[in-house]
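Q: Turn this into a model:
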Amino acid sequence: MSAAGAGSDEVPRVGVVGLGLIGGSALLGLRAAGLPVRGCDRGEAARAWCEGLGVPCDPSPEDAARAVDVLLVCVPPHATAAVAAVALAADPDVVVVDVASVKAPVVDELRTRAPADAGRFLPAHPLAGAESSGHEAAREDLLRGATWAVCPPGDDPDGAVDTAAVLLRVAPVLDALDARLLVCTPEEHDRALAATSHAPHVVAGTVAEVAGDPPTGGPVAAVLSGGALRDVTRVAAAPVGLWAEILRANADRTADALEAVADRLRATAEALRSGDHDAVVAGWERGTAAHDRLASARWGTAAWEPLALDDGWDGLLGLGAAGVVVRGLREDGRGGIAGERWATAG
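A: Numbers count the residues shown, from 1 in each chain. Okay, here's the model as predicted:
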């Protein structure tokens, strides 16, 4: 198979393995963007759903890999490396991109399973989701404009040696979803997601339990609950099987984040019991300031500015470490990378 390369006018053929919420949404979004796409799932219902859309659906990752240029692997974290490895082995040109919400364990396993092919594995993770799961919950717009964490290829997870050629091959696929890319190492990703996603999911369930059960809560509390409780506990409804797996894969970093939350809550409880009103106010103000910084970086008004890099992964990782998001990456004709960078205005 001749793969569509960076700078090529050929539209890449894309496969999606695992037609759950994320995979199904990727398939719908790519189809809407006009890319030639095909699905792959071992479940009969998911395959029937895909074929009912008029989209081909392969029975195995190997079959899908042989038919496409870029393969998105959208299966649970514990299965990601195994599926990626068999897909890479099936075709010498295909590039495999995963979407697992933990990166370091997946990369480590992939390097063990497929050391010779790891340079064609691009670890990634779209920051999108919902409390529901399965292809029935898939939406064409779920990944539209989402931020994606993207890491250097599996054979060079720190970006020390490889050029960004594999990323540039995948870029047209991500562009079709209007993706915003934050480039980071697997370790940086897992540490960040522990604080921004994995620990918050645990906290959400804990707050729901405190409000819903005696002695702190119960039927009266449930009826008197309002928007604050609803918003804080929304993700407590996420599927336990997937989230137990995610927490197990990122256990130490999530435990660190939970201990940091517990320390701050304990300090506030002690200040309330001792009547230290100034400490309570100071803690609240620190939280407000942190909220504002997070909101500005993630959802603030921004403008896209031209981007030109000569140093591949090193330059992209430097931007990522500063929280700078990029898009529209392509070869600049002189061995560098062109595109756009997100400049937050506040």
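Q: Next up, phi/psi of the residue positioned nearest the centre of the chain, please.
A: By CA atoms, centre = their mean, the mean C-alpha position of the chain lies nearest to His125, the distance being 2.4 Å. Main-chain torsions, His125, degrees, to the nearest 10: phi -160, psi 110.
Q: Find the residue closest to it in space, skipping its chain neighbours.
A: Ala149 (4.5 Å; CB to CB, 6 or more residues apart in numbering). The C-beta positions use only the backbone N, C-alpha and C, and glycine is treated the same way.
Q: Just checking: what are the partner strands of the strand or helix carrying that neighbour?
A: Taking DSSP states H and E as the criterion, Ala149 maps to strand 147-150. With DSSP bridges as the test, strand 147-150 is paired with strand 124-126 (antiparallel), strand 180-183 (parallel).
Q: which residue ranges form the strands in the protein?
A: 14-17, 37-40, 57-58, 70-73, 95-98, 121-122, 124-126, 147-150, 180-183, 302-309, 326-331, 337-344 (DSSP state E).
Q: how about these in JSON lines, adding mean pLDDT and distance to Gly205?
A: Below are these laid out as JSON lines (pLDDT from 0 to 100; distance: least, CB to CB, whole Å):
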{"stretch": "strand 14-17", "mean pLDDT": "98", "distance to Gly205": "30"}
{"stretch": "strand 37-40", "mean pLDDT": "98", "distance to Gly205": "33"}
{"stretch": "strand 57-58", "mean pLDDT": "97", "distance to Gly205": "35"}
{"stretch": "strand 70-73", "mean pLDDT": "98", "distance to Gly205": "28"}
{"stretch": "strand 95-98", "mean pLDDT": "98", "distance to Gly205": "26"}
{"stretch": "strand 121-122", "mean pLDDT": "97", "distance to Gly205": "32"}
{"stretch": "strand 124-126", "mean pLDDT": "98", "distance to Gly205": "22"}
{"stretch": "strand 147-150", "mean pLDDT": "97", "distance to Gly205": "24"}
{"stretch": "strand 180-183", "mean pLDDT": "96", "distance to Gly205": "27"}
{"stretch": "strand 302-309", "mean pLDDT": "91", "distance to Gly205": "33"}
{"stretch": "strand 326-331", "mean pLDDT": "96", "distance to Gly205": "34"}
{"stretch": "strand 337-344", "mean pLDDT": "88", "distance to Gly205": "32"}
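Q: will you turn those into a markdown table that also has distance to Glu109?
A: Below are the strands of the chain laid out as a markdown table (distance: least, CB to CB, whole Å):
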| stretch | distance to Glu109 |
| --- | --- |
| strand 14-17 | 16 |
| strand 37-40 | 20 |
| strand 57-58 | 23 |
| strand 70-73 | 13 |
| strand 95-98 | 11 |
| strand 121-122 | 11 |
| strand 124-126 | 16 |
| strand 147-150 | 18 |
| strand 180-183 | 22 |
| strand 302-309 | 30 |
| strand 326-331 | 27 |
| strand 337-344 | 29 |
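Q: looking at those, which is closest to Arg293?
A: Closest approach to Arg293 among the strands of the chain (CB to CB): strand 337-344, 10.5 Å.
Q: what sits up against the closest one?
A: 164, 168, 180, 296-297, 300-310, 312, 315-316, 319, 324-332 (CB atoms under 8 Å, 6 or more residues apart in numbering).
Q: Over to stretch 36-46?
A: Contacts of stretch 36-46 (CB under 8 Å, 6+ apart): 11, 13-20, 23-24, 27, 30-31, 47, 50, 55-61, 63-64, 67-68, 134-135.
Q: follow-up on the earlier one: in the strand holding Ala149, what counts as buried?
A: 147-150 (16 or more other CB atoms under 10 Å).
Q: what's the answer for stretch 115-133, then?
A: 117-129, 133.
Q: Stretch 241-249 too?
A: 242-243, 245-247, 249.
Q: Leaving out the residues flanking it, which one is nearest to Ala267?
A: Gly283 (7.0 Å).
Q: I'd say that neighbour and Arg266 touch.
A: No - Gly283 is beyond contact range of Arg266, at 11.3 Å (criterion: CB atoms under 8 Å).
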